[in-house]
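Visitor: Predicted coordinates and the sequence they were generated for:
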Amino acid sequence: MTDSQGAFAPVTFRNATFLQSASAIENAPTDAGSEVAFAGRSNSGKSSAINTLTEQGKLARTSRTPGRTQLINFFSLSDHQRLVDLPGYGFAKVPLAVKKQWNQELERYLQYRESLRGLVMLMDIRHPLMDPDKQILGWSVTASMPVHILLTKADKLKRGPAQNALLSVRAELSAQSELVSVQLFSSLKRQGVDELRRQLNYWLTEGSVF
């Protein structure tokens, strides 16, 4: 969508509305338009980040039992733009069979969903790049899927240690720098929201072909 001067109009994230849930990609909305997915460990602050981004306190539901929800939730931004909330991963109490099934669904989604423009990965800044995170990153790189990492709960660290964590993660992922970007983020302090919106706007508008 463009404005009267032909430029791409920025996405209005606060207009996000719940579209539907799906247990598998076969049950997802029509694979057309553009969507950006959010993925993260069950305690990474994913739902809080989506709610902060959209300025809606209860759009993405937070659960007191991490790993409980195993549905893909789709939110409409316009008739051709969506946000996607993927189930939290890496929680130890989820049965092994459920983990395997969800891993298969996530890998298929990243590889075959034509409308997916990018993946936002959320990691607690105090525990970044754990094994499940690296697995998701590996799938994404294999699929040539751009990834934007949010180091969440940045308010838990002082400025110096937070910057050191950011630089450390960027250094570890330097070989994938063409596909992977990293930033600090705090839902509580609303830190990094504008940077996230810029990335999503690019993926959903300039970086997309409708």
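Guide: Received it, and whenever you're ready, just let me know what you need. Numbering: from 1, shown residues only.

Visitor: what packs against the helix or strand hosting residue 133?
Guide: If you go by DSSP states H and E, residue 133 is part of helix 131-142. Secondary structure elements in contact with helix 131-142, counted by 3 or more C-beta pairs under 8 Å, 6 or more residues apart in numbering; DSSP states H and E, are helix 96-112, strand 116-124, strand 147-152. In this view, the C-beta of every residue, glycine as well, is placed from N, C-alpha and C.

Visitor: Any chance of TSV for the ones you listed, columns mean neighbour count, distance to residue 18 and mean pLDDT?
Guide: What follows is the helices and strands packed on helix 131-142, written out as TSV (neighbours: other C-beta atoms under 10 Å; distance: least, C-beta to C-beta, whole Å; pLDDT from 0 to 100):
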stretch	mean neighbour count	distance to residue 18	mean pLDDT
helix 96-112	15	19	86
strand 116-124	24	18	97
strand 147-152	25	22	98
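
Visitor: any chance of the ones you listed in CSV, with distance to residue 28 too?
Guide: Below are these laid out as CSV (distance: least, C-beta to C-beta, whole Å):
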stretch, distance to residue 28
helix 96-112, 8
strand 116-124, 10
strand 147-152, 20
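
Visitor: what's the angle from the lowest-mean-pLDDT helix or strand in the chain to strand 147-152?
Guide: Within the chain, no helix or strand scores below helix 96-112, which has a mean of 86 by mean pLDDT, DSSP states H and E. On the basis of axes from the mean of the first three to the mean of the last three C-alpha atoms, to 10 degrees, helix 96-112 is oriented at 130 degrees to strand 147-152.
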